[in-house]
Each structure stands twice: as structure tokens, then as C-alpha cells.
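K.L.:
no sequence for this one, just the structure:
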């Protein structure tokens, strides 16, 4: 966190000054470790084993916060007796289809809910469309009543299933899998449990070192299980904080730049599953289900009204027919392979540098070299705009600049200080920023670009009578502009996102005012309220010492300016704070309402003693102690009966590329992971494959404080470049000795995809680990470098192949296997032969000549 | 000489002739919360238009700047080192901070490749000398001009380019400096430096332009963890004393202050530090003394010698005439 989020780390330092203990778990000793009270090194990719060990410690020592767990989680809920665990099936859950590599989740359901599993859409389609991502703001559907045993004794209650499932994650196994010594592991367990309960809470912070794995979602699920068991959710000082890759990545999932989501986590319609407006809305709200998702129709219709304005009417289903439809996996990596295969003609890159920043850089560049056109909007001439003339494939002869077919349009962009708008950070806090200076020259904001692009497209199509053009022509595309540049008003956009009454134009005060009859517009229902009373609430800057410690008047947090989600759980089932020290929101019996320091995340006047009439759906179906109001059963999910592709419980699987056999199960790796089995995407062999000695080391990548992601905003600046002026590779003294590497000498790292060179930093900050009775060396590389800028170097992301988490289609780019050798790598064509030789030795098929741009022109590549 | 203004405790601004100066301002750099982000280095260069210092990978841990120089007015040192395998003999620090115990930061114990048997490193062997892995630490510290109470650079400057500000800080006027370079060997910390191709002397100004407008120096403003604190020196000294007390009481007995003491060799620094080990570990001189301390005495002695010489010569002359 200190490395990649130094500004946010100030709060960790402040917490430490106030007595908090900081524990840091990381494959390498970083600037965060330097300030931590305890540093725990571990093997990259062993996180479920580590966290599962914590779960086992909690359960076998009865350290869970029992009253919280019984009341607020699904620990007591009975699961179908058809369910079989990984304990029964050697690493698989019941319902696995070997041929399609997907599960039928019917047997995972709560008892009596099995038919709902059958109603669920095909997991293969769900994987293609990363549909579990849509559950970010709400649980997936479970309807009706559940059977519960609050004594937690029923053999099929979630609590008992959890006990059995995690029973083999002993400290011994944790040590064998992760290399974390037993005493150190137990120190973490003791600290975590001792600091949780009525009086104390513990926060869990993670970043892309967790997400970018073929089992990344399950890492986070395991963290969630621990935090629920210890009563750390919905309470001050607790929670799980996801540090995002850079500014406003949270914002770009809320109002998404993802192929499968619409604003507010509404799913992008699928051509077969969501043919009509009714299909689509019912798929979101699950009729009969309890909880707040029951109002989905108002959110969906108001969004369509935001898109098509007056042209969205009840008669035309509010323009639902205009909505594009998913037809399969349109994720970024599938797109790249589609580009290589010549299926994609044009591409927009806005503030992204996949030639350096994405896994399998060579595939990224060869894909982009096979487009008709490419628009790059960035602050600098980044590698994704120049790959056709200076990328590594030019040196190898795979791309010939004079014949590269891609026409690249570089459009300079305005930086964050040259435009106004909001950032949304990990706490869901929207903070408005003003424009400090005008953008120089031809630089323009993204808002300007898309607004005027839309205007021009509409103009071009104005005389069209083709039905397919109606969706564009009917778009509501009027925003006030100002200044010489005709800059659209970002506040006007924020007002539309907030939502307003169509007839009067009155901004809505929150999403409860959204209507399904077309009388309201709302661009993102969870953001509704950010422009309440016509005031830009995100622009509030009341200093902390002029308001309560929760500081509700600094910026605005979705939903409804709530700073902690599910904060009903900060009070006991009867509505009293768990302790004076941790009081946050509570029930005031005299005024018969919820009150406290934050906006209560509960119906204001719902008595804690309220119990619904069985069969009631929507919010009324939730009881007065159902704290997790977006879940269909009102409970925090220790066990996920639905919504995940790879199982209802986290299970340790080895990374797609590993040097050890899975010590826990016969199943080696995530059986449902997304595989792109193509000759241009070879994976290093892993056990049980015999040829694992060719790539004997583990490597991982991350960022340096001194550089920003793919380097476009730092390798271009002298003051930052001089601080980390060269690509380097960190190794332990032990590995350096073994491979003859010298400090500041050259070395190169090889995988089945690429060879990458850098200067060697021999450091004690990396230490070999003992895993499964053998020594495991880990290598660390920063991934900031590329071919342009003041300081250039090889891109570490070139080393990775493409294997994705099945739930959200994120790539496994935080762990892989490799070899490392002293000296520089071969240059040019020789580097291809060098990698090919490694592939051959590893028993991998040779890659056919790349089908790149030149191939399509009938020329041999680089001839 | 009464009030030898070249040595001993002193408030430098009134001593320099300011009639009613504002309180003396300074930096307190608490290295125990430094995260080595180098925002101070960058902010300093941005504000003061200090040139880039070269794209050189030094391999000194994450320090690729090297040291304070004409082109680096804030410098973050990274001390990455193993601690002794067994605690060394407890030492009493010359700074009086008490015993030093290596602090366990949690590096793992494990069998080394050379000793791990046949599987160590996949048969590649690892038969170099086996070294005991010890505990390890990574210290970070942002260094800067100390703005000494008795600034030798200022004392020796023949042009008056170096001057004492009303805030008690020491600043070079770039339009007056003639590049004579006398100040460079005079600095007991090796801070002030001549810029190549320019010849003039450059160093931290404690952002004289910013603090004159009531702003914070750029480095302190940019520091995310308040490792760099700016304010009236008296307040900072009090805060620093409290911080050391807190750390000492909370299992960090090695925390100690450096440069805070008005009785030290430079009369106390305007920019002082909280360190977690001996100053030498951070590359700081353990007992800096203003290089002009003995000047009055030397002049006095030289004067006496000259007088004696003159008297002797006169005596010889007179004697000879006799």
C-alpha cells in the first residue's frame, strides 16, 4: 500500500500512531513492510490456503463472534443435502460438468431452493459474460424463506459445512503450501481474532495482488468469510477495502467502462436471455425475492430515459430495443485474440496502455497491429500508439512499420487538472475537482471528445432512414457547453446521473424517488442524491474538525451518502450498539427510528423486532435484524449458494502456472478458469505435467511508488524517471548465487511467451521459501517500462499468458513461472528463437508464424 | 569575546540584526514514519525548478539520487541491511538514547538452498558459501540542509550571497553568488554544492518564497505521512521530544533525536531529525561542529602571534639601534 498508494497510506500511519497494529503479507518486503509491525512473506498464489487457515483457526478455536454470526450471516441456513464438498470430491464441488468445465449450481442451493438453481442461467454463458461481476452492489437471487438452525448443529447448515470444508487448512498445511512458518501464521491468527469482537474491529486491505489471479474472486471471498465470522463487517474500523489500480477505478465500475455492465451494476442485456424489457428487469429483480433489489424496474427504466429522453416511452419499452446486446465474451482479452484473428476493425484506447500494462504484451501489440484503425487518447505518445514503429515486434521482424495496416489516430487528452469532474475512491466517496488550468494546444477532456464525437456521428446519420441508426439518432445528447472550446458542462452530466423529474426538472434527492413509469430520468441509480437540491454534493469540503468524526459533509458517498455499508450490523439484533466504543448506528426506541453517526443502511422506521409475514417479497420481506439488505435472504454470505462460477466456497487451487502439485486436492487448478487455448497463448507446464523444471521459479510483478502503471504518466517526466531510471529485476542473494547473478549486472527472465531483460537488484527483501519440502525462489519485477519515454526498457507484462478468473474475467498477472539467466537477452529475431527453444524444452508445441498484419497482406512477416 | 556568535546556543535572526523577527522556523523530519515515496524530492524540484540529476541506476536499494547536491535539495536515503545474527553488545548511544536492540521485522527462517539437500533449486545446485540469513530492516530518511544556528557556509561567504533570513534560515541568493565555492568545504554536513556548468552554490532555501507568503515548504506540503513537519522550531522541538518519548515507551527504544540540541557543535539545527539508529547509519556525521567555531580563537591567537612578532621585531630593531 505504501508502494502503490502512498497518499492513502497516510491513514495507516495515522492508525498506527493511534495504536493500531499493522500486519503486512506479501511475497516481498516492501515499503509497506518497512512500517508494519509484522511482515509475513508468502508464496504468490497461496492466498486461499493462508486465509483458509485463518478460517480454520477461527472455527476450531471457537473464536467467531457467535452472536453476530448467528444473527447476520447465513451460518445457520441449511443447504441442500444434494451438495457435495471438495472434501468429498477431491477438490471439486457437486455439479461439475467435465466436458464444458462448468458447474450446474442446483445442488449448491439452500435446502428447498434447488429448483432455483435449475432456473439459473447456464454457467457457461455466465462465464462468457462475467456475470458474477454484476453482483458487486447486490447479492444474486435467492427467493423465499430459508430453513435455519440457529444452534448451528445441523450437519448441513452453512456453519458445519464451513467447518468441514476448511478443516484441512491447518497451520501445517498453510506452511506447506505458502511457505509461511507456523509460528508466524499463528501470530497473524491471534492478532486478527484478538482485535475483533464487541470492542474492537480489524480492517482488511487488499489490492490487485489479490484480484489478478485465476482464483482472485475467491481470495476476496475468503477474506469476506473471515471478516463476517469475526463481526468486522458493517462496523467502524472494520470492512474490506479494495485499493484500486488508480484514481477513480471504482468510478469506472459504478458508471462502467466494462463490456457486461451498465451504470449502477445493471447487467448489459444478453441477446438470448434478455429479449424483452420484462425479461431483462425480471432477471435483475428476481420476482418474489426479498430485499432492495426488488425496485430494479425503476432504476432500469430511469436509465433508459437518461439514454433516450423523450424518445423513450412506455409504448416502445423506453427504447429497450435500442440497447446493444451481448452475444458472448467481449472482454478485453477475447477482443485481443479477435484482433489477431482479424475479427475487429477499429479500437478506441482511452487512457489505457495495453502494450505495456496488460498481460501478454506481444498479443496486445500484434492484435493492435492488425486493425484498420486505432484511436489513442492519452497525455503522451504511449507505446500503444507507437508499437507499429518501435515495439519489440519491430525488432523481431514480426511487425514491419512500412506495411503495418493499422491507421493510428493519436488525440492528445486533457489531464485531471485540466478538466472538471469527479473521482470515486475505494470508500465509494465521490470527490469533485475543479479545473485548474485550460488544457494546452489540442488537448481535450474525454467528456469533450465523446460529446462532440456523438454530435458529429448524429450529424452524419441525420438523413439516414435505416432502423439500425435510430438508436443513435434518438439519443438524448444535449448538454450545455461553455468557453471557447465548447466544453460540455460536467455538472450537467452529474445532474443527469443523479436523476431528475422529467416534468419539472427537479433533481431527485435519492434513488427511492426513481420511478418505473418514465416520469424520472436517472443515469446511475446508486449515485442518485449526489446532486440533491440542485447542489453538487460531491464538491463539499467541510474540514474534518468542523464536523463529526464520520465527516459526512466531505464529498458524497454512494448510496445515500452512507460511509459504511450494511451499518445496521454495527448494532446488535435488538438495535443496541455492540459496545460503547464501537457505537455507530442504533435504534432509538423512543423516536422509533434508526439513528447514529452515519446514514443508517436500513429502513429508517423498521423496528428491530419486526418480522415479515412469510412469503413477503421486496424490502418488506426483510426482518428487523436482516442487516445485509441487498441480499435476498438479508444475511452476509459465508457460503454463496449462487452467483459464483467456481464454487460456493473458496478452495485452494494452484495458479495456472505453478511449480508444485496442489498439496490439498487432486484438482490442481481452478477447474472453471477461462482458458484461451491457442498456439499464440502457450502456458508453462505445471504439475502433474512432468516438464516443470524448465521454468523452475515463481515470479510476480507490481508497481513502484516512483512510477505510474504502464509509465505513460511517469517515464515521460524527468523528476520521476530519475528516481527509478531503469528496468530491474529483484532476486534474493540465494537465487543470485544459484544463477550467478550480480548486483547491477544484467539478467533476463524467460517464459513460454517472452524473454525480458533488466538490471539485477540483489536484495534481502526477497527470501526463498520452503514449500512442499523444497526451496522456492520468487523473482519480482516492476512492470512500468516500455519503448517510449525518457527511460525505456522491457515490459514485464510480456511474460504473462492469458488465463482468466471465470467470475469477472480478470487475468492472472500476479503469479507465473519462469527461468532467469545472467546476461542480456538475445536481441531481435534471435529472441524469438530463444523463447522457441525454451518452449521446445518444456514440451510445448511450436508457435506457428504469427498471423499479423503482414500475413494478411500476403507477405511473410518481416521478410 | 562576549556573545561569540559563531558558537553556542543562540537565536540566529536577532543575532543577524533583525529587530523584531518572526519565530525561527524549521523542519522536523520523523524518519520513523517515512515511507520512502520521495514526494519531497519531486515537490522540491517542481517548486524550485531544480534540474534533473541524471538517469542513473545506482543500486543503493531504492535510492537512485545518491546524496544531497546542487540538484537535489531533499534526498531520501534507503538503508537496507541485515541486522546482526545475534544482538551485538548493547551500546550506549552517544546521543544518549540508550541501548540498541535489533528490532525483529519478521523475515523468515528457512533452510538455505545450499543446505536444503538435493532438491535445492532443482538440481542447479547452490553450493556457494552458506550465509546465515538474519533479520533485516529497511530504514528510510529524507535528508535536507540543516539550516544551522551557526552556519559556516554563511560565515565564510565573501560576497554576502548567503544570508540569514528573518525566519532564522540560511539562503543563497543566486544573483549574488559568484561561485567562489568557499562555502562547500565549510559545511560540516556536506550539503551545499556547486552546480556543474553553472559554478554557483545551491541548496535548500526552506522555500523562503513560500514561507514568506505563509505557505508550507513544498516538501512538507507533499509528504503524505507527515514525516516532514514544518513550523516554529520551538514547537517542533517540543513535538519531537514527545514523539521520542512515545516511541521509547512503545517498544522502539532506539528512537532518538539528531540535530535538536542547541548545545551541539552547530548550536542546533533548524532542520532536525528523529532517527532509529546512529546517525552514521543514515550517512550523517555523528558530531558535527561548525567549521568556523575556532575562527575567533584562531584570529585571536594569530593576532597575538602577530603582535608578538611585531614586538620582537621592534625590540630587535630598537635593540640593534642601540
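P.N.:
It's in. The structure displayed is predicted, hence computed values, not measured ones. Residues are numbered from 1 along each chain as shown, chains lettered A, B, ... in the order given.
K.L.:
which residues touch the nearest residue to residue A:10 once chain neighbours are set aside?
P.N.:
Nearest residue to residue A:10 in three dimensions, chain neighbours excluded: residue B:224, at 4.5 Å (C-beta to C-beta, 6 or more residues apart in numbering or on different chains). Where you see a C-beta, it was placed from the backbone N, CA and C, and this is true even at glycine. Residues in contact with residue B:224 (C-beta atoms under 8 Å, 6 or more residues apart in numbering or on different chains) are A:6-7, A:9-10, B:35, B:37, B:39.
K.L.:
can we see that at 6 Å?
P.N.:
Shown in contact with residue B:224 (C-beta atoms under 6 Å, 6 or more residues apart in numbering or on different chains): A:6-7, A:10.
K.L.:
wait, is it part of a helix?
P.N.:
No - according to DSSP: H, G, I helix; E, B strand; the rest coil, residue B:224 belongs to no helix; its state is coil.
K.L.:
so how far is whichever strand or helix holds residue B:313 off the chain centroid?
P.N.:
For residue B:313, the host element (DSSP states H and E) is helix B:295-321. Helix B:295-321 sits 41 Å away from the centroid of its parent chain (C-alpha atoms, centre = their mean, to the nearest Å).
K.L.:
counting by contacts, list what that helix packs against.
P.N.:
Helices and strands touching helix B:295-321, by 3 or more C-beta pairs under 6 Å, 6 or more residues apart in numbering or on different chains; DSSP states H and E: there are none.
K.L.:
buried stuff in that helix?
P.N.:
Across helix B:295-321, burial judged by 16 or more other C-beta atoms under 10 Å in any protein chain shown covers residue B:295.
K.L.:
can you pull the contacts of the residue of the stretch 501-650 of chain A found nearest chain B?
P.N.:
Nearest residue of the stretch 501-650 of chain A to chain B, counting by C-beta to the nearest C-beta: residue A:544, 14.7 Å away. Going by C-beta under 6 Å, 6+ apart, residue A:544 touches residue A:551.
K.L.:
below-threshold pLDDT in the stretch 701-850 of chain A: ranges please.
P.N.:
Within the stretch 701-850 of chain A, the stretches with pLDDT under 70 are A:849-850.
K.L.:
any idea how many residues pack against residue B:157?
P.N.:
By the criterion of other C-beta atoms under 10 Å in any protein chain shown, residue B:157 has 24 neighbours.
K.L.:
try residue A:823
P.N.:
Neighbour count for residue A:823, taken as other C-beta under 10 Å: 12.
K.L.:
so what's it closest to, chain neighbours aside?
P.N.:
Nearest to residue A:823 is residue A:746, by C-beta to C-beta, 6+ apart, at 5.6 Å.
K.L.:
quick check: bridge partners of the one you found?
P.N.:
Assessed by DSSP bridges, residue A:746 has beta-bridge partners residue A:759.
K.L.:
surely it and residue A:822 touch.
P.N.:
No - the pair residue A:746 and residue A:822 fails to qualify as a contact (C-beta atoms under 6 Å) at a distance of 7.2 Å.
K.L.:
between the two, which one's more packed in?
P.N.:
Taking other C-beta under 10 Å, residue A:746 and residue A:822 do not tie; residue A:746 has more neighbours (17 against 14).
K.L.:
separation between the more buried one and chain B?
P.N.:
According to C-beta to the nearest C-beta, to the nearest Å, residue A:746 and chain B sit 11 Å apart.
K.L.:
repeat that for residue A:428.
P.N.:
Residue A:428 sits 22 Å away from chain B when distances are taken as C-beta to the nearest C-beta.
K.L.:
pretty sure that residue is touching residue A:558, no?
P.N.:
Yes - contact criterion C-beta under 6 Å: residue A:428 and residue A:558 qualify, at 5.0 Å.
K.L.:
coming back round to it: type out the ChimeraX command that picks the buried ones from the contacts of residue B:224.
P.N.:
For the buried members of the contacts of residue B:224, the matching ChimeraX selection, counting by 16+ other C-beta under 10 Å, is:
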select /A:6,10
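K.L.:
can you list the contacts of residue B:224 in CSV and add distance to residue B:135, pLDDT and secondary structure?
P.N.:
Putting the contacts of residue B:224 into CSV (distance: C-beta to C-beta, whole Å; pLDDT from 0 to 100; DSSP: H, G, I helix; E, B strand; the rest coil) gives the following:
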residue, distance to residue B:135, pLDDT, secondary structure
A:6, 25, 94, coil
A:7, 30, 93, coil
A:10, 27, 95, helix
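K.L.:
which of the contacts of residue B:224 lies closest to residue A:399?
P.N.:
Each of the contacts of residue B:224 was scored against residue A:399 by C-beta to C-beta, and residue A:6 proved nearest at 37.3 Å.
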